[in-house]
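[1] Sequence isn't available, so here's the structure alone:
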């Protein structure tokens, strides 16, 4: 399983763009990169997933450079409700995807 | 579908008692996962099933923990006897195996907050 490294915490203000970077130096060829969001007292929720280049949905964008050794989750114009823990996961290669979570990044959005 | 349903939402029990947590996965999903979350250890994978068969239980902390999946729509996680250090939030999740065996998302339940006193 590819190990991931991401900042423990981040602070931002309402209306700003937030970028959370995750390092996964030993990502395998078949691995996908997935981000989850967890609000207090709730289970994690899937945000976005990608393999290479850029993926965008209604919630976030995911930027993956050509070497795929890192990825950046971008949250445009955050609000107080984006305060949560964000997890970066890299899929197990060659088989079924077993979501394994690290400690994640605790994002606090201030007024 | 109503999503992954866990019960109870909260459980308070005395040390030494048996505790059973329940989970109903999303209909049609192939995989079911049990996780435990604490401040100290984060979100840990305890065990997972594929088509009702336990595949990997290496995350189960001790023999006091056991999990079953008698059919595709129901799973239990049992702790017997319970101890104060078992206090945590327990999550159940399910997912659908992708065409290539990966790149699918896991759907989580609301969790069961267990307190052992």
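    Received the coordinates, thanks. Keep in mind the model is a prediction, meaning the values are calculated, not measured.
[2] ok, whatever residue of chain A ends up closest to chain B to residue B:110 distance?
    Closest residue of chain A to chain B, Cβ to the nearest Cβ: residue A:43 (2.8 Å). Every C-beta, even on glycine, is put in place using the N, C-alpha and C of the backbone. Residue A:43 is 6 Å from residue B:110, where distance means Cβ to Cβ, to the nearest Å.
[3] higher neighbour count, these two?
    Regarding residue A:43 and residue B:110, a neighbour count based on other Cβ atoms under 10 Å in any protein chain shown identifies residue A:43 as having more, with 23 against 17.
[4] what sits against that one?
    Residue A:43 makes contact with B:4, B:91, B:93, B:108, B:109, B:110, B:111, according to Cβ atoms under 8 Å, 6 or more residues apart in numbering or on different chains.
[5] quick one: low-confidence ranges for chain B?
    B:1, B:98-103 (pLDDT under 70).
[6] Write out the residues of it neighbouring chain A.
    For chain B, the contact set with chain A under Cβ under 8 Å from any Cβ of the partner chain comprises B:4, B:31, B:33, B:35, B:42-43, B:45, B:48, B:50, B:56, B:91, B:93, B:95, B:97-98, B:100-111.
[7] Which of these are buried, as a PyMOL select command?
    Per 16 or more other Cβ atoms under 10 Å in any protein chain shown, the buried members of the residues of chain B next to chain A correspond to this PyMOL selection:
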select buried, chain B and resi 4+31+33+35+43+45+48+91+93+95+97+102+103+104+105+106+107+108+109+110+111
